[in-house]
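> what would the 3D arrangement of this be:
(chains A and B)
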Amino acid sequence: GENVEQHPSTLSVQEGDSAVIKCTYSDSASNYFPWYKQELGKRPQLIIDIRSNVGEKKDQRIAVTLNKTAKHFSLHITETQPEDSAVYFCAAPSRAGGGADGLTFGKGTHLIIQP
Amino acid sequence: KAGVTQTPRYLIKTRGQQVTLSCSPISGHRSVSWYQQTPGQGLQFLFEYFSETQRNKGNFPGRFSGRQFSNSRSEMNVSTLELGDSALYLCASSIAGAEYEQYFGPGTRLTVT
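From the prediction side, this is the model:
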C-alpha cells in the first residue's frame, strides 16, 4: 500500500511570509494528490489537489507542485495570514488504480502564523 | 448544496458497549468513506461504501463494521468498545468516478470511558 510522509510537523512563519510543506509518497502509480486544511475542532477541508498529468496548480495564494520522478509534492502558501493557521494534511490514494481504498494521509503539519 | 452531515456530534460510551454513527453524504454523492482520526495515528481509512456495497476495508478489527442505505446514507458500528476506540470518526463523500476527491463531514467525537 501507499506510504505518505509529511514534513515538517510544525512550521512557524511570520505573517506575510511564505510557507512550504512537503510530502513524499511511495507508489509511483499514484495519480491524485489532495491537500486538506483542518482548523481546530473542525472538519478537514479540501483546499487544493493535483493530478499526475500536471506539475503545478495555483489557486490565489496557494499552489501545489508535483515531482513525479522524485515522488514528492509540496504545498506553497504565499503572503500568509492569521486565518492560515491550521493543521495541513497531504494525501495520496491508498492503492493506485482503483477508487475504493480511501486515501493515505500524512501525519499533518501544524502551521502557526506569527503576528 | 448542503455538505456532509454526521450525527451525533459527540458521544460518551463505556467499555464493552456498542455504538452506531450516522453519515449523510452530499446530495448526488454515492461513495461514502469512513476514517478514524487520533492524535497518535492520524487519519486512518476504515472502509468505503458504494451502492450499498462495502468495496474495501482498512486495517481495523471486525468490531468495526458499516453499511450503506439505498439513499447513500451510511452508518458505522463499533461493538465491544475499547478505550483505544476514543477518536474523531469522520465520514467523507465523493461522486462516482472521482472517489478520491473526498469531502468530509464534521465528525463524531467518541469518548470511551
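
> rest of the way, CA atoms for contacts and neighbours
Noted.

> tell me which element the residue nearest the centre of chain B is part of?
With distances taken as C-alpha atoms, centre = their mean, the residue of chain B nearest its centroid is residue B:34 (3.4 Å). In this assignment (DSSP states H and E), residue B:34 forms part of strand B:31-38.

> for that strand, name the packing helices and strands.
Where contact means 3 or more C-alpha pairs under 8 Å, 6 or more residues apart in numbering or on different chains; DSSP states H and E, strand B:31-38 is packed against strand B:42-50, strand B:87-94.

> would you mark the buried spots in it?
B:31, B:32, B:33, B:34, B:35, B:36, B:37 (16 or more other C-alpha atoms under 10 Å in any protein chain shown).

> picking up where we left off before, so for chain A, which of the helices and strands packed on strand B:31-38 sits nearest?
strand B:42-50 (5.7 Å; C-alpha to the nearest C-alpha).

> contacts (any at all) between chain A and whatever helix or strand comes next after the closest one?
With elements assigned by DSSP H and E, the helix or strand that comes after strand B:42-50 is strand B:53-57. Yes - Strand B:53-57 is in contact with chain A by C-alpha under 8 Å from any C-alpha of the partner chain, via B:55, B:56, B:57.

> most neighbours of all the residues you listed, which one?
residue B:57 (19 neighbours; other C-alpha atoms under 10 Å in any protein chain shown).

> now do the buried residues in stretch B:12-29.
Buried-residue list, stretch B:12-29, by 16+ other C-alpha under 10 Å: B:13, B:19, B:21, B:22, B:23, B:24, B:25, B:26, B:27, B:29.

> redo the residues of strand B:53-57 next to chain A as TSV? Include pLDDT.
Below are the residues of strand B:53-57 next to chain A laid out as TSV (pLDDT from 0 to 100):
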residue	pLDDT
B:55	87
B:56	84
B:57	88
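
> pipe these into CSV and attach distance to residue A:77 per row.
What follows is these, written out as CSV (distance: C-alpha to C-alpha, whole Å):
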residue, distance to residue A:77
B:55, 36
B:56, 34
B:57, 34
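
> in chain A, where is pLDDT below threshold?
Applying pLDDT under 70 to chain A flags the ranges A:96-100.

> which one is whichever residue of it sits closest to chain B nearest to, not counting chain neighbours?
At 4.6 Å from chain B, residue A:43 is the closest residue in chain A, using C-alpha to the nearest C-alpha. What sits nearest to residue A:43 in space, not counting adjacent residues and going by C-alpha to C-alpha, 6 or more residues apart in numbering or on different chains, is residue B:106, at 4.6 Å.
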